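In: Sequence plus the predicted model coming up.
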Protein chains: 2
Amino acid sequence: MKVGVLGTGFVGQTISTALVEKGHSVMIGSRSANNEKAIAWVENKVNAFAGTFEEAAQFADIIFLCINGAFIKETINALNFAIFSDKIIIDVSNPLDFSKGMPPSILPAYSNQWSLGEEIQQLLPKAKAVKALNTVTARLMVNAELVNEGNHHLFICGNDTEAKNTVKHLLSENFRWKPEYIIDMGPIGQSRLMEGIVPFWVGVMQAIGTPMFNTLIVK
Amino acid sequence: MKVGVLGTGFVGQTISTALVEKGHSVMIGSRSANNEKAIAWVENKVNAFAGTFEEAAQFADIIFLCINGAFIKETINALNFAIFSDKIIIDVSNPLDFSKGMPPSILPAYSNQWSLGEEIQQLLPKAKAVKALNTVTARLMVNAELVNEGNHHLFICGNDTEAKNTVKHLLSENFRWKPEYIIDMGPIGQSRLMEGIVPFWVGVMQAIGTPMFNTLIVK
């Protein structure tokens, strides 16, 4: 599979590395073609490439969006929207605002009645946005078995059922998420809920002293 | 123990009934002394009383606040603040806005950077507000063992450590919450997080088809 990962931060690099290790071809995308972090990431890896956001999106069968939530709108607005047509975008981003201290709040533009997931789908109506992985820490995103033998829940949402099934399969095959532990929350508007719990997630992390945890829904 | 329960809705009645069954004296409080639901609730119960909000607060060693979040500010503002001095208020309320459909959003006044828990503490600075139980359905609030043998987490917050310990003890003794599964999230400002996840809770309820569930944090 050819994957484009937009964003060279810790989340983007963690996902990119995990996918390369699974044998996929990955182009990590950034604002400029000469991004130092992207070039450093490529070194000594097979089927690993660096490019601009547009090059990575063009290269890809499937796209991970791992850009800081505060910059997603302006970033997407600067791109050629046509590149994203019919492609699945797995939106891992969170609209966190750390400017007022810890735990973070949500960036006001995305709080309560709007969300990054929806905005991405609105900006790129021909793409298939699927919100996923934003509710766990990066290391856990790419290896669910690091916690409780993989018995804990991941939440996804999106408007396209087939795209959600593709993402489920990808997460299961590559990142060890058990399909029966992936809860489909519904259409992309449910991103409000999935993004809205992230400040709580940070609070729990502070309370229990580790980011290596997740939620198991018990009945 | 003498308990005042402010609010005669399903949550208030469920908590009141559970406490009476445990042998406590409970006064359920409402806006007027002649509230029909309160009077009906009292019938055929021992040590069960109905009164105004002020009477119930005056009566009580400890107070449960189970009023619809939209009306808490005006309700408290109409009361004699002195009654609440030094008393523990267990704030079970949520600031949900169902006016835009399901799942609900948060009432804008309490979204993201403010919360009901904080507002109650600010309005009643001599009381000891402890946010608790707002993240589970009413039946589960009063009997944690109804789900996964009681192995799942409750989150509380508040500024007064002793008050939080009293609440923990109360929840453990009366409602079967295991102390080791109660996570202290910190000061009352963490109500933002605990209230902020409730729309997500509703989304999960819709996705899995039952309100009888809770979160188990797994590491």
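Out: That came through fine.
In: Find me the pLDDT at the residue most central in space within chain A, would you?
Out: By Cα atoms, centre = their mean, the mean C-alpha position of chain A lies nearest to residue A:92, the distance being 1.8 Å. The pLDDT attached to residue A:92 in the predicted structure is 98.
In: ok, now how distant is it from residue A:176?
Out: Between residue A:92 and residue A:176 the computed distance is 17 Å (Cβ to Cβ, to the nearest Å). Placement of C-beta: from N, CA and C, glycine included.
In: do the helix of greatest length in chain A and chain B meet?
Out: Longest helix in chain A by number of residues, with DSSP state H as the criterion: helix A:161-175. No - using Cβ under 8 Å from any Cβ of the partner chain, helix A:161-175 stays clear of chain B, with a minimum separation of 12.4 Å.
In: And the strands in chain A?
Out: Counting by DSSP state E, chain A has strands at residues A:2-6, A:25-30, A:48-52, A:62-65, A:88-91, A:96-97, A:105-106, A:128-131, A:154-158, A:182-184, A:214-218.
In: quick check: angle from the first one to helix A:161-175?
Out: For the pair strand A:2-6 and helix A:161-175, the angle between their directions (axes from the mean of the first three to the mean of the last three Cα atoms, to 10 degrees) equals 90 degrees.
In: which residues are contacting strand A:2-6?
Out: If you take Cβ atoms under 8 Å, 6 or more residues apart in numbering or on different chains as the criterion, strand A:2-6 is touched by A:12, A:15-16, A:19, A:24-30, A:53, A:56-67, A:75.
In: Quick check: buried residues in that strand?
Out: Neighbour counts over strand A:2-6 (16 or more other Cβ atoms under 10 Å in any protein chain shown) mark A:3-6 as buried.
In: The longest one too?
Out: Of the residues in strand A:25-30, those with enough neighbours to count as buried (16+ other Cβ under 10 Å) are A:25-30.
In: quick one: stretch A:141-157 to chain centroid distance?
Out: How far stretch A:141-157 lies from its chain's middle: 14 Å, per Cα atoms, centre = their mean, to the nearest Å.
In: Now do the same contact list for residue A:69.
Out: With contacts taken as Cβ under 8 Å, 6+ apart, residue A:69 has the following neighbours: A:93-96, A:107, A:110, A:116.
In: Out of those residues, which comes closest to residue A:147?
Out: residue A:94 (19.1 Å; Cβ to Cβ).
In: check contacts around that closest one.
Out: Going by Cβ under 8 Å, 6+ apart, residue A:94 touches A:69, A:116, A:134, A:195, A:198.
In: what separates residue A:149 from residue A:214, distance-wise?
Out: Distance of residue A:149 to residue A:214, computed by Cβ to Cβ: 12 Å.
In: For those two, indicate the residue with more neighbours.
Out: residue A:214 (26 against 11; other Cβ atoms under 10 Å in any protein chain shown).
In: mind checking pLDDT for the more buried one?
Out: Reported pLDDT for residue A:214: 98.
In: same deal with residue A:33?
Out: In the predicted model, residue A:33 carries a pLDDT score of 87.
In: so where's chain A shaky on pLDDT?
Out: The model of chain A has no residue with pLDDT under 70.
In: Any residues of it in contact with chain B? List them.
Out: Within reach of chain B by Cβ under 8 Å from any Cβ, chain A has these residues: A:100, A:103, A:105-106, A:108, A:111-113, A:147-148, A:151-152, A:155, A:183-186, A:190, A:192-194, A:196-197, A:199-200, A:202-204, A:206-208, A:210, A:212-219.
In: What subset of those is buried?
Out: The neighbour-count criterion (16+ other Cβ under 10 Å) marks A:103, A:105-106, A:111-112, A:147, A:152, A:155, A:183-186, A:190, A:192-194, A:196-197, A:199-200, A:202-204, A:206-207, A:213-218 among these as buried.
In: sorry, back to before: is it possible to export the buried residues of strand A:25-30 to TSV including distance to residue B:42?
Out: Compiled in TSV, the buried residues of strand A:25-30 are given as follows (distance: Cβ to Cβ, whole Å):
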residue	distance to residue B:42
A:25	71
A:26	67
A:27	69
A:28	67
A:29	66
A:30	67
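In: wait, which of those is closest to residue A:171?
Out: Using Cβ to Cβ, residue A:26 is the member of the buried residues of strand A:25-30 that sits closest to residue A:171, with 15.7 Å.
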